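In: structure for the following, please:
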Amino acid sequence: MAVQKVVTKDHNPNKKPELSYDEWIDSNLKNICSHKNGRVEYVNRKNESPNKYETKEIINKLDLHDLADADALSATLRPLGEQVCNLGGWLKYLELKKENELKEKEEESEIKQLNKKVLKLQKQNLTLSNRKLKRDLIIWLIGLFIGAIITNWKDILILLNVLPLE
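Out: This next block holds a predicted model:
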């Protein structure tokens, strides 16, 4: 006879799922926003009821993220906390922040590509400028040589004994 393991799941409909870290901050921040400068009851991550340990922890997290000045009974929003509340909460703020970071990365990538193009064009321009300078130098030297020959052509022919001395 084979023994079967029976796996049971807790189907308690009254038990709420545990909040994620950001959902926890969002829930408490919204709670503070709705009770501005008044008495606040913080939310626990597991069952959304107050808990002394997690109250201290959420107070520290609100301070860490510069959202609120809080104690066990009350909280006052800081400027960033006000801004986050006006945006629709911590989760919305994080979403917008992530979108802005992605836009910044795209812009940085675009700027890098443009800088590469500029550097490539500068290199081509320097190469062409160097070629032009070399060509101009060669033409100048040829002109100098021809000019020296034309100006002193009689002396050169005498030197080569082609013309007799006068």
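In: show me how the chain divides into domains.
Out: The chain is divided into the following domains under automatic domain parsing: 21-87, 90-153.
In: tell me the secondary structure for Asp69?
Out: Under DSSP: H, G, I helix; E, B strand; the rest coil, the three-state class of Asp69 is strand.
In: helices along the chain, start to end?
Out: Using DSSP state H, the helices of the chain run over residues 21-34, 52-64, 79-87, 90-151, 153-159.
In: would you mind finding the most buried of those helices?
Out: Of all those, helix 21-34 carries the top mean neighbour count, a mean of 19, counting by mean count of other C-beta atoms under 10 Å. All C-beta spots, glycine's among them, are computed from the backbone N, C-alpha and C.
In: chain center to that one, what's the gap?
Out: On the basis of C-alpha atoms, centre = their mean, to the nearest Å, helix 21-34 sits 27 Å off its chain's mean C-alpha point.
In: packing partners of it?
Out: Contact here means 3 or more C-beta pairs under 8 Å, 6 or more residues apart in numbering; DSSP states H and E; on that basis helix 21-34 packs against helix 52-64, strand 68-70, strand 75-77, helix 79-87, helix 90-151.
In: which one of those lies closest to Leu159?
Out: helix 90-151 (11.9 Å; C-beta to C-beta).
In: which strands and helices sit next to the closest one?
Out: Judged by 3+ C-beta pairs under 8 Å, 6+ apart, helix 90-151 is in contact with helix 21-34, helix 79-87.
In: what's near enough to touch the nearest residue to Leu87 once chain neighbours are set aside?
Out: Spatial nearest neighbour of Leu87, chain neighbours left out: Tyr93 (5.1 Å); criterion: C-beta to C-beta, 6 or more residues apart in numbering. Contacts for Tyr93 were tallied using C-beta atoms under 8 Å, 6 or more residues apart in numbering; they are Gln83, Val84, Leu87.
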